[in-house]
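K.L.:
Any chance you could fold what I've pasted below:
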Amino acid sequence: MNSVLITGANRSIGLETAKQLSAKGLFVYLGSRNLEKGEAVVKELNDQGFQHIKAIEIDVTNPDSIAAAKNTIEKEQGKLDILINNAGILGTNPQTAANASIKDIQEVFDTNFFGVISVTQAFLELLKKSESPRISNITSGLGSLTLHSDPNWKYYHVKAAAYGPSKSALNAYTIVLAYELRELPFKVNAIDPGYTATDFNGHNGPGSVESAASFIVKHTLTDENAPTGQFFSNDIEDETGMSPW
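P.N.:
Okay, here's the model as predicted:
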């Protein structure tokens, strides 16, 4: 049975992704900063008939927490097949380039960018033991420099000086990581689930968590011929879903 770790999976898109992957027969580690909250969610899922889901405590900004999670999965599985870096924060608003505090920007980057790097580096050893390792970095269209420079883009006026740049940096890191792992059977991609109605944005997005999670699953459970080092967006209306960087 293949295993997957999803960070920030105790609610919203991460939770729905856990449900969909569990339904497909994967063993899911449901990452949560608070173990009690994660275990409560898993109990609810078990009551709904979902199996092979275990809550695991992981704070992507805490090296000791990451190491403990890695040791647990190594002990129980011996490897990890899929890492979905889903944990993220929006940060305080407004986020203007002229007035956003360095402290607030750093806080967003600590989770959305440096947290992803810390988790990824910690789990690479276990991922390399998988026959078909996958790393999906959950990003946003707000991280696309090309789209943000296009006045005709529907979200052109949605600018956030901390959140957007943190996702741009994540996209850039994804490209470098995919390149470095290109000779191995890894598929490393940035996946934008689209503007989705969640607690994250006050339920303002037009998309559903079901659609968002389905898109993540689609571009994570890929075969050996699938692309790597790409940016896929659920807001792109074509068959590939490939988004401009």
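K.L.:
what sits up against the lengthiest helix in the chain?
P.N.:
Longest helix of the chain, by residue count under DSSP state H: helix 163-180. Helix 163-180 has contacts (CB atoms under 8 Å, 6 or more residues apart in numbering) with 90-91, 95, 105, 108-109, 112-113, 116-117, 120, 135, 137, 139-140, 142-145, 148, 186-190, 228-229, 231, 245. C-beta here means a position set from N, CA and C on the backbone, and glycine is covered the same way.
K.L.:
how close does the residue nearest to the spatial centre of the chain get to Lys75?
P.N.:
In the chain, the C-alpha nearest the mean C-alpha coordinate belongs to Asn86, at 2.5 Å (CA atoms, centre = their mean). Distance of Asn86 to Lys75, given as CB to CB, to the nearest Å: 23 Å.
K.L.:
Now Lys19. Nearest residue, chain neighbours left out?
P.N.:
Phe50 (6.0 Å; CB to CB, 6 or more residues apart in numbering).
K.L.:
For the longest helix of the chain, buried residues please.
P.N.:
163-171, 173-175, 177-178 (16 or more other CB atoms under 10 Å).
K.L.:
Could you give the separation of it from the chain centroid?
P.N.:
Taking the mean of its C-alpha atoms, helix 163-180 sits 12 Å from the chain's own mean (CA atoms, centre = their mean, to the nearest Å).
K.L.:
packing partners for the helix or strand just after it?
P.N.:
Remark: after helix 163-180, the chain's next helix or strand is strand 187-192, criterion DSSP states H and E. Counting contacts by 3 or more CB pairs under 8 Å, 6 or more residues apart in numbering; DSSP states H and E, strand 187-192 packs against strand 134-138, helix 163-180, strand 231-233.
K.L.:
do you know which of these lies nearest Val217?
P.N.:
Closest approach to Val217 among those is made by strand 134-138 (9.2 Å; CB to CB).
K.L.:
and the angle from that closest one to strand 187-192?
P.N.:
For strand 134-138 against strand 187-192, the angle by axes from the mean of the first three to the mean of the last three CA atoms, to 10 degrees is 20 degrees.
K.L.:
Paired strands for strand 134-138, with orientation please.
P.N.:
Strand 134-138 pairs in its sheet with strand 82-85 (parallel), strand 187-192 (parallel), by DSSP bridges.
K.L.:
shouldn't Leu26 be in contact with Ile6?
P.N.:
No: with contact defined as CB atoms under 8 Å, Leu26 does not reach Ile6; the gap is 10.2 Å.
K.L.:
More neighbours: which of the two?
P.N.:
Remark: of Leu26 and Ile6, Ile6 carries more neighbours, 31 against 20, as counted by other CB atoms under 10 Å.
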